[in-house]
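Peer 1: What follows is a predicted structure for the sequence shown.
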Amino acid sequence: MALLSVNINKFALLRNARGTNHPDVVNMAKNCIDFGAQGITAHPRPDERHAKFSDLQPISDLISKHSNIEFNIEGYPSKKFIDEVIKVKPDQATLVPDPPDALTSSFGWDCKEFKSLLSDVVKDFQRNNVRTSLFINPSVKTLENLADILPDRVELYTFDFAKDYTKNANEAIRPYVEVARFLLDNISSISLNAGHDLNLDNLDYLLKTIPMIKEVSIGHALVCDAFEYGLKNTIQKYLAITKR
């Protein structure tokens, strides 16, 4: 079974569009939890156009009332991000190599180029009892120094898989399987997450093909589906897949 973590950024984007607190992202996170989600993800960007840094502590306070719900904070490891993560102490921090003006997360870390930065941040978070994950490309070539950095997990950037899935599912999944095998054969202590453009059409195939995936973070597609099915029914549809 893979844990379903709902990314609340799109709820936050809708809130920010009117300069009010509607929808209240803490309340939306509570609804997601009440409807069965096992985790909440927030990704505060430098311009705070989605989730804001001020959202993190209230969401953490909400999740602290639930012993079986995880809080995952994603973001670029700037000083502000690092300080906020250490202050809030989520269950997991996912480091993403986003430039400040990025529309969305669009590539993973090169573990050779950023070995020093990532090693320092990972160790800092681990000393503070925050499980740490790195957002990675579906390419073994970018994982050359992963064993030196030694995060607790890595998150597969699944954009390419989602884009090519309907054309040729076997070919679309191939590089992701190669990364999973690389981890099992070389650094088995590192667990696997996945996220980006996963949806009701492609999620089942991904999890059946790579059953070692422990967590999927889904936001945009889930919110879009909620317009059609309602939030409760949508989360139940995703859980029907992840719980297999």
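Peer 2: Everything's here; your move.
Peer 1: Please count neighbours and contacts with C-alpha atoms only from this point.
Peer 2: OK.
Peer 1: With Gly39 as the reference, measure out to Leu183.
Peer 2: To Gly39, Leu183 is 24 Å away according to C-alpha to C-alpha, to the nearest Å.
Peer 1: So between those two, which is more surrounded?
Peer 2: Applying other C-alpha atoms under 10 Å to Leu183 and Gly39 shows that Gly39 carries more neighbours, namely 23 against 20.
Peer 1: Can you tell me, leaving aside adjacent residues, what's nearest to that one?
Peer 2: Spatial nearest neighbour of Gly39, chain neighbours left out: Ser5 (4.0 Å); criterion: C-alpha to C-alpha, 6 or more residues apart in numbering.
Peer 1: pretty sure the one you found belongs to a helix, no?
Peer 2: No - the assignment for Ser5 is strand, going by DSSP: H, G, I helix; E, B strand; the rest coil, so no helix is present there.
Peer 1: Relative to Ala162, how far out is it?
Peer 2: Ser5 is 18 Å from Ala162, by C-alpha to C-alpha.
Peer 1: all helices of the protein, in order?
Peer 2: 9-18, 25-34, 53-63, 79-88, 115-127, 146-149, 159-164, 169-186, 203-209, 220-229, 231-242 (DSSP state H).
Peer 1: do you know which of those helices lies nearest Gly195?
Peer 2: helix 159-164 (8.0 Å; C-alpha to C-alpha).
Peer 1: list the buried ones in that closest one?
Peer 2: 159-162 (16 or more other C-alpha atoms under 10 Å).
Peer 1: now those residues in TSV, with pLDDT?
Peer 2: As requested, the buried residues of helix 159-164 are exported to TSV (pLDDT from 0 to 100):
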residue	pLDDT
Phe159	96
Asp160	96
Phe161	98
Ala162	97
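Peer 1: And those residues, which is closest to Thr20?
Peer 2: Phe159 (31.8 Å).
Peer 1: So what sits opposite the residue nearest to the spatial centre of the chain in the bridge?
Peer 2: With distances taken as C-alpha atoms, centre = their mean, the chain has Ser217 as the residue nearest its mean C-alpha position (4.3 Å). Listed by DSSP bridges, the beta-bridge partners for Ser217 are Ser5, Gly195.
Peer 1: residue contacts, it?
Peer 2: 4-7, 41, 194-196 (C-alpha atoms under 8 Å, 6 or more residues apart in numbering).
Peer 1: let's go with 6 Å and repeat that
Peer 2: 5-6, 195 (C-alpha atoms under 6 Å, 6 or more residues apart in numbering).
Peer 1: Low-confidence stretches in the protein?
Peer 2: 99-106 (pLDDT under 70).
Peer 1: change it to 50
Peer 2: Within the chain, the set of residues satisfying pLDDT under 50 is empty.
Peer 1: Count residues in the vicinity of Leu227, would you?
Peer 2: Just so we're on the same page, residue 227 is Phe rather than Leu. So Phe227, with other C-alpha under 10 Å, has 10 neighbours.
Peer 1: Could you measure from it over to Thr234?
Peer 2: 9 Å.
Peer 1: Then Val96?
Peer 2: In terms of C-alpha to C-alpha, Val96 sits 27 Å off from Thr234.
Peer 1: just Ser78 next, same as before
Peer 2: Noted for Ser78: a distance of 34 Å to Thr234, by C-alpha to C-alpha.
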